[in-house]
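J.: Give me coordinates for this.
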Amino acid sequence: MKDNKINKDIKDWYLSEFKEFENKLNGQSKTYLHKLRKNAAVKFGELNFPTLKDEEWKYTNVKPILEHQFKLSESSETPTDIDLSRYLFDGFDSHTLIFINGRFSEELSSIKELPKGVIVDSLNNISQNNPELLQKYFKEGEGIDNAFNALNNTFASDGLIVSVPNNVIVEKPIQVLFLSGDKNEAVLSVPKNLIIAGANSQAKIIINYYGISSNPYLKNITTDIHLEESAIVDLYKIENEDDKNGYHIEKTQVHQKESSVFSHYSINFGGKIVRNDLKSKLNGENIECNFFGLYLASGDQHIDNHTFVDHAQPNSVSNELYKGILDDNSKGVFSGKILVRQPAQKTNAYQSNKTVLLSDGASVDTKPQLEIYADDVKCSHGATVGHLDKTAYFYILSRGIPAELAKSMLIRAFVNDVIESVKIEPLKEKLNHMIFEQLHRVEI
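T.: Got it, this is the predicted structure:
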């Protein structure tokens, strides 16, 4: 009963906020995007926020999120005191989009000359200038399976839109920065992202999520990705929310067609509670899908990664490697499922999750799953949980190497295969540096 009351109270509050939100839309109340919002608001009223009784959320308690009344930021002013160099990756030329509390800042962004037909823009702009694109890829009620998804769609007003036409290669990476936080209130950001890669196209996208205030904030994100035949997309997600006040919920849905190659890199450093849902449907032959994940947590952080790879057709490959390093009283969750449907003969699927616990208070729940209905396949999965190798540690010390460097060497060796998979060299170097910065908190 208590969970039901919490659900009802916070849902009622958000629905009242939606009425106020609608009243301020003016001319945008007739757009297709708002039609989607209204449909989602109805769904939001029908659904509940997940509890520990829900199988897919049994290890992640979202009550701390529901204790806050997060509000959409009403400020349209561009902050003048933000040093963007602290958050953006350098060392390479890129198209850069900046979102502050979920709103696109054209003033802070820098979108350079793009190949003909390529769209790199915000959801708000596309809703007004190219609504046909949204009508093609966003359907009413699609992909909404819990109150968090519905909440995103109910308030969605901005986000990243990337569309690459057939046979076009976007050489420069597209770098996107989502900054959240308000010094006066608990703020809600609801980016709704869409990435479309046409046949034989290629794109590299880096999305950074950061917090910039000591007040609580919630990023509640949905990302839809479509790869047509022989498209290649590399997506790097770097999550560095505030350890004590940042809440991050994201659902990413990938649709792959024949001979496409999709690689997703999920790097998690921050966040009080983080939940990542990553799903890809391999709906064609000769598809390649790669999921790489790394999560480092300390204090009482909670980082939950759920993945699902759906092999629907023959002759495709999926590779999944997630590694975690947990210290203090932090908790990790990994639930990875591979589904091989009956038509998906000659599937080759690999999944591995490895976690190192650096303290007695740290813990992880890991749940690798295989569900196979085809008989001519090669599939494997596995999970290991342990501590740093003390024998190797003391051996390194015996060679005259200082303790801090010895710890760094062991951890770097553990995460090396994930970081080495990164294809943008300056980004790889920066991630190595970010990992090094985390190591001063490590105790053996």
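J.: Residue 363 contacts residue 333, correct?
T.: No - using CB atoms under 8 Å, residue 363 is not in contact with residue 333; the gap is 9.6 Å. (Each C-beta comes from the backbone N, C-alpha and C, glycine too.)
J.: Please compare the two by neighbour count and tell me which comes out ahead.
T.: residue 333 (23 against 16; other CB atoms under 10 Å).
J.: ok so the more buried one is a strand residue?
T.: Yes - counting by DSSP: H, G, I helix; E, B strand; the rest coil, residue 333 is located in a strand.
J.: Could you list which residues are in contact with it?
T.: 59, 60, 302, 303, 304, 305, 306, 364, 365, 366 (CB atoms under 8 Å, 6 or more residues apart in numbering).
J.: Show me the beta-bridge partners of it.
T.: Per DSSP bridges, the residues bridged to residue 333 are residue 304, residue 365.
J.: Quick check: the gap between it and residue 350.
T.: 21 Å (CB to CB, to the nearest Å).
J.: go on, residue 430?
T.: Distance of residue 430 to residue 350, given as CB to CB: 28 Å.
J.: Give me the nearest residue to residue 7, chain neighbours excluded.
T.: residue 48 (4.7 Å; CB to CB, 6 or more residues apart in numbering).
J.: I'd say the one you found and residue 145 touch.
T.: No - taking contacts as CB under 8 Å, residue 48 lies outside contact range of residue 145: 11.3 Å.
J.: of the two, who's got more company?
T.: Counting neighbours by other CB under 10 Å for residue 48 and for residue 145 shows that residue 48 has the greater number, 16 against 13.
J.: check contacts around that one.
T.: Contacts of residue 48 by CB under 8 Å, 6+ apart are 4, 7, 11, 146, 147.
J.: next one: phi and psi at the last one?
T.: Listed backbone geometry of residue 147 is phi -70, psi -30, with angles given as degrees, to the nearest 10.
J.: now do residue 420
T.: phi -70, psi -20.
J.: measure it to residue 392 for me?
T.: Distance, residue 420 to residue 392, using CB to CB: 20 Å.
J.: backbone phi and psi for residue 123, please?
T.: Dihedral angles (degrees, to the nearest 10) for residue 123: phi -60, psi -40.
J.: so it touches residue 157, yeah?
T.: Yes - shown here, residue 123 and residue 157 form a contact pair, counting by CB under 8 Å, at 7.1 Å.
J.: Common neighbours of those two, please.
T.: Jointly contacting residue 123 and residue 157 under the rule CB under 8 Å, 6+ apart are residue 33.
J.: Count the residues that sit near the closest residue to residue 63 other than its chain neighbours.
T.: Computed as CB to CB, 6+ apart, the closest residue to residue 63 that is not its neighbour in sequence is residue 6, at 6.7 Å. Applying other CB under 10 Å, we find 17 residues neighbouring residue 6.
J.: Wait, residue 6 touches residue 68, no?
T.: No - counting by CB under 8 Å, residue 68 is not a contact partner of residue 6; they are 11.7 Å apart.
J.: all helices of the stretch 251-400 of the chain, in order?
T.: Here the stretch 251-400 of the chain has its helices, by DSSP state H, counting those that start in this stretch, at 390-398.
J.: Identify, by residue count, the longest helix of this protein.
T.: For the chain, the longest helix by residue count, based on DSSP state H, is helix 2-23.
J.: Surely residue 311 touches residue 349?
T.: Yes - the pair residue 311 / residue 349 is scored as a contact, 6.5 Å apart, by CB under 8 Å.
J.: Compare the two (neighbour count), which wins?
T.: Of the pair residue 311 and residue 349, residue 311 is the one with more neighbours under other CB under 10 Å, namely 31 against 24.
J.: now the more buried one, which residues is it bridged with?
T.: Beta-bridge partners of residue 311, as defined by DSSP bridges: residue 282, residue 340.
J.: separation between it and residue 347?
T.: 5 Å.
J.: shared neighbours, those two?
T.: Between them, residue 311 and residue 347 share the contacting residues 318, 340, 374, judged by CB under 8 Å, 6+ apart.
J.: got TSV for these, with pLDDT, distance to residue 277 and neighbour count too?
T.: Below are the shared contacts of residue 311 and residue 347 laid out as TSV (pLDDT from 0 to 100; distance: CB to CB, whole Å; neighbours: other CB atoms under 10 Å):
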residue	pLDDT	distance to residue 277	neighbour count
318	99	17	24
340	98	20	24
374	97	25	16
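J.: Pick the one among those residues closest to residue 291.
T.: Of all the shared contacts of residue 311 and residue 347, residue 318 has the smallest distance to residue 291: 7.7 Å, by CB to CB.
J.: so what's that closest one up against?
T.: Taking CB under 8 Å, 6+ apart, one finds 280, 282, 288-291, 309, 311, 338, 347-351 in contact with residue 318.
J.: Walk me through the domains of the protein.
T.: 2-283, 389-444 (automatic domain parsing).
J.: Please compute how far the last one lies from its chain's middle.
T.: I take that to be domain 389-444. Domain 389-444 has its C-alpha centroid displaced from the chain centroid by 24 Å (CA atoms, centre = their mean, to the nearest Å).
J.: and what of stretch 159-166?
T.: The mean C-alpha position of stretch 159-166 is separated from the chain mean by 18 Å, CA atoms, centre = their mean.
J.: now swap in stretch 353-363 and tell me
T.: The answer for stretch 353-363 is 22 Å, by CA atoms, centre = their mean.
J.: Do me a favour and get the end-to-end distance for that stretch?
T.: 14 Å (CA to CA, to the nearest Å).
J.: Now do the same contact list for the closest residue to residue 388 other than its chain neighbours.
T.: With sequence-adjacent residues excluded and distances taken as CB to CB, 6+ apart, residue 388 is closest to residue 410, at 5.3 Å. Neighbour list for residue 410: 388, 389, 392, 393, 396 [criterion: CB under 8 Å, 6+ apart].
J.: got those as JSON lines, with neighbour count, pLDDT and distance to residue 209 columns?
T.: Output for the contacts of residue 410, formatted as JSON lines (neighbours: other CB atoms under 10 Å; pLDDT from 0 to 100; distance: CB to CB, whole Å):
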{"residue": "388", "neighbour count": "19", "pLDDT": "85", "distance to residue 209": "28"}
{"residue": "389", "neighbour count": "14", "pLDDT": "86", "distance to residue 209": "32"}
{"residue": "392", "neighbour count": "13", "pLDDT": "90", "distance to residue 209": "34"}
{"residue": "393", "neighbour count": "18", "pLDDT": "87", "distance to residue 209": "33"}
{"residue": "396", "neighbour count": "18", "pLDDT": "91", "distance to residue 209": "35"}
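J.: can you redo these as a markdown table with distance to residue 237?
T.: Formatted as a markdown table, these follow (distance: CB to CB, whole Å):
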| residue | distance to residue 237 |
| --- | --- |
| 388 | 26 |
| 389 | 30 |
| 392 | 31 |
| 393 | 31 |
| 396 | 33 |
